[in-house]
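Peer 1: Provide a 3D model corresponding to the input given below.
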Amino acid sequence: MPENIRLIDKITEYLDTARGRNVSLKDMREYCKVEPGSKDDLNIRKQMSGRLTQDKIVKPSGRNDGIYKVIIRAKPVQVFGRGRRHPVELIFPRDFNTMIEMAFAKDVVLREGDLILISGQSNYGKTLFCLNFCGENIDANPVLLGNEYTTVDDEPSSRFLNRLDKMDWVIWDNGTGDKFTLLPVREDYAEHIVKDKLNIIDWINLDEHYMISRVMEGIKKELGKGIAIIAIQKAAGSESGRGGQFTKDFADLEILLDKYGEDEVLLTLGKVKEANRRLTGKTYVFGIKEGVKIISFREVKKCPNCFGKGWRMGHPCDECNQRGYVNSI
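Peer 2: Got it, this is the predicted structure:
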């Protein structure tokens, strides 16, 4: 019995260091210095599949492969009797015709640790949005990551510098250095998130698109009190970015960008986790000036004549010029 107690103590000691991870019987034997097939090896198997599983300390994989998940035990969280945190203030891009922030911005409610997802067709406003978010919130010292801003040699790209020069309404430096942090990161995004800051990632490219949900989850876990804005590619007309419905799992605000006519962009609000009024499905149109300025921002609705199809009775719709939308006002 004393030997078994010492073995149990050794097992418990190992499991305490492995909370939330998968462990194997082989790992246990090596840590406890036990020979395969020995009496202590049998005891490890019995403890793992018996009492430790029943007490919900570990969970077998279910594949009879000797792999166990070490459970993180949840503790009760007090709800009342503690202060409430206010929404996070984030300035949205403005319309440079009116110099007014985007119309829907005042009704979006963002909280600490939220993630804004910008899914857009290639060359239709993703970087424009990311840099405008950065510029409008420059005093918060945002962090820029992704493959749009640096070269393979980890230097600021010429196109990135040109865009900053054109955004002459923003003071990008404080006299001694940059007012933002530029990180040349093209993968392992969660590991490079700066806690409690506005982190902007433009853009995330994955070979296995369904993995976007896990990447977004990892990013959110590292944000602390900060906000993340990430951009991904989207097919024309699609209701979600590459990765389909998986892209919506961890998004708190989803912005979809599509081509509209010859030289404008259609903005659709997808998932909106919290708002002061119903925003999901709202649509807006804007133009782009000098590659960095949003102009003529306005709300649109589906054309009542063709019901958003652009065609009526086999002919192009005259009311919306085949675009499927008309101005709301």
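Peer 1: number of nearby residues for residue 185?
Peer 2: Neighbour count of residue 185, defined by other C-beta atoms under 10 Å: 19. From N, CA and C alone the C-beta is placed, and that goes for glycine too.
Peer 1: assumed it was part of a helix.
Peer 2: No: counting by DSSP: H, G, I helix; E, B strand; the rest coil, residue 185 is not part of a helix but coil.
Peer 1: do you know how far it is from residue 199?
Peer 2: According to C-beta to C-beta, to the nearest Å, residue 185 stands 10 Å off from residue 199.
Peer 1: mind listing the shared neighbours of these two?
Peer 2: Both residue 185 and residue 199 are contacted by residue 145, under the criterion C-beta atoms under 8 Å, 6 or more residues apart in numbering.
Peer 1: so which elements touch the helix or strand harbouring residue 132?
Peer 2: For residue 132, the host element (DSSP states H and E) is helix 126-136. If contacts are counted by 3 or more C-beta pairs under 8 Å, 6 or more residues apart in numbering; DSSP states H and E, helix 126-136 sits against strand 115-120, helix 158-166, strand 198-202, strand 227-233, strand 253-260.
Peer 1: the residue lying closest to residue 100 once chain neighbours are set aside: how many residues sit nearby?
Peer 2: Excluding the flanking residues, the one nearest residue 100 by C-beta to C-beta, 6 or more residues apart in numbering is residue 94, at 6.1 Å. Neighbour count for residue 94, taken as other C-beta under 10 Å: 19.
Peer 1: go on, residue 239?
Peer 2: 14.
Peer 1: does it touch residue 280 like I think?
Peer 2: No: Residue 239 lies out of contact with residue 280 (C-beta atoms under 8 Å); the separation is 11.3 Å.
Peer 1: mind listing the shared neighbours of those two?
Peer 2: Joint contacts of residue 239 and residue 280 (C-beta under 8 Å, 6+ apart) are residue 270.
Peer 1: which parts of the stretch 51-200 of the chain are strands?
Peer 2: 58-60, 67-70, 94-95, 100-101, 115-120, 143-145, 181-182, 198-202 (DSSP state E, counting those that start in this stretch).
Peer 1: so for residue 311, which of those sits nearest?
Peer 2: strand 115-120 (25.0 Å; C-beta to C-beta).
Peer 1: partners of the closest one, with directions?
Peer 2: Take DSSP bridges as the rule and strand 115-120 pairs in its sheet with strand 227-233 (parallel), strand 253-260 (parallel).
Peer 1: looking at the ones you listed, which is buried most?
Peer 2: strand 227-233 (a mean of 24; mean count of other C-beta atoms under 10 Å).
Peer 1: which residues touch the spatially most central residue of the chain?
Peer 2: Nearest to the geometric centre of the chain sits residue 216, at 4.2 Å (C-alpha atoms, centre = their mean). Listed by C-beta under 8 Å, 6+ apart, the contact partners of residue 216 are 115, 117, 230, 247, 249, 250, 251.
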